[in-house]
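1. Quick one, structure for this:
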Amino acid sequence: MDKGQDKNQGNGKHQSGMGMRGVTRPMAEKEIRQHNQNMHQDGQDKDQDEGQKQEMQGMDMTDEMREKMLRMHHMQTLWVYWMIIILGAWVLLSPLTFDYGIGTVQPSGGRSVWLTMEQRILFMKWSDIISGALLMFFGWRGLTPNRPVSLWICCFIGIWLTMAPLLFWSPTAVAYLNDTMVGALIIALTILIPGMPNMIMYMKMGPDTPPGWSYNPSSWPQRWIMMVLAFVGWVVSRYLAAFQLGYIDTVWDPFFG
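-> Below is the predicted model:
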């Protein structure tokens with residue numbers, strides 16, 4: 001096998017390591033490949049063996065290279081930020097579309113809460129209006145690359161939407177379900193689908209398997225188990241909360257009856 005083939009395999013190894021982490025996209029990987037080839041042609045560190053040179057080339061990234069990768073990644077995930085804006089408009093209009101004063105319920109067990117019914121309706125209404133407006137504004141800012149603060153703010157708004165129906169004891173099931181689903185989608189759209197904001201600017205490339213490990217603990221075969229368990233736990237918690245808030249009369253419990 002000649003040196004050109006060795007070089008391609010070495011580059012492919014480092015690129016696959018980034019691809020498995022869900023960080024890069026095909027356009028960015030193409031740039032990395034070209035960058036590595038250019039570095040190889042420069043003939044730096046000729047005294048080192050070929051394998052060591054390839055590893056240094058794979059892990060060395062200039063600020064200019066990171067900036068290019070960031071912009072490519074942003075263009076390929078641009079639909080995410082438009083979805084945030086659309087969901088923000090949906091949340092903003094929800095109190096006007098679904099009257100939170102119709103179909104109100106009391107918490108199960110006749111327990112008293114710290115808010116009156118009028119306050120519960122009012123707080124949920126303004127929580128959705130303000131959250132929707134903020135999502136539209138910061139989602140619009142996210143259309144421009146290299147604005148991680150705006151994306152983190154959107155993420156925290158998503159967390160707030162999932163918690164607000166519990167904090168304000170949402171008077172209607174529609175408000176509870178609406179904020180739960182939109183909040184979960186916002187969290188997924190800000191940090192799960194595109195990855196952590198601006199991670200490309202700080203990440204370091206390396207081998208698929210970390211030193212001292214026999215497998216990659218961040219690979220998808222390792223991740224999916226925890227993801228499924230976390231999702232099931234989230235669904236169960238929301239189901240039990242719906243009972244406590246009074247939206248359903250009974251709950252199915254296979255363990256305690």
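2. Could you report the neighbour count for residue 156?
-> Number of residues near residue 156 (other CB atoms under 10 Å) recorded here: 15. Yep, even glycine has a C-beta here, placed from its N, CA and C like the rest.
3. swap in residue 97?
-> Neighbour count of residue 97, defined by other CB under 10 Å: 10.
4. Next: residue 126.
-> The local packing count at residue 126 equals 12, with neighbours defined by other CB under 10 Å.
5. gap between it and residue 199?
-> 34 Å (CB to CB, to the nearest Å).
6. same check, this time on residue 190
-> According to CB to CB, residue 190 and residue 199 sit 12 Å apart.
7. what's the overlap in contacts for those two?
-> With contacts defined as CB atoms under 8 Å, 6 or more residues apart in numbering, no residue is shared by residue 190 and residue 199.
8. Give me the more crowded residue out of the two.
-> Under the neighbour definition other CB under 10 Å, residue 190 and residue 199 were set side by side, and residue 190 has more, 29 against 16.
9. State the pLDDT value of the more buried one.
-> According to the prediction, residue 190 has pLDDT 94.
10. Also residue 138?
-> Residue 138 is assigned a pLDDT of 97 by the prediction.
11. number of nearby residues for it?
-> Residue crowding around residue 138 was assessed by other CB under 10 Å; the count is 24.
12. mind checking how far it is from residue 186?
-> Computed with CB to CB, the distance linking residue 138 and residue 186 is 10 Å.
13. do residue 194 as well
-> According to CB to CB, residue 194 stands 12 Å off from residue 186.
14. again, but for residue 119
-> Per CB to CB, residue 119 is found 25 Å from residue 186.
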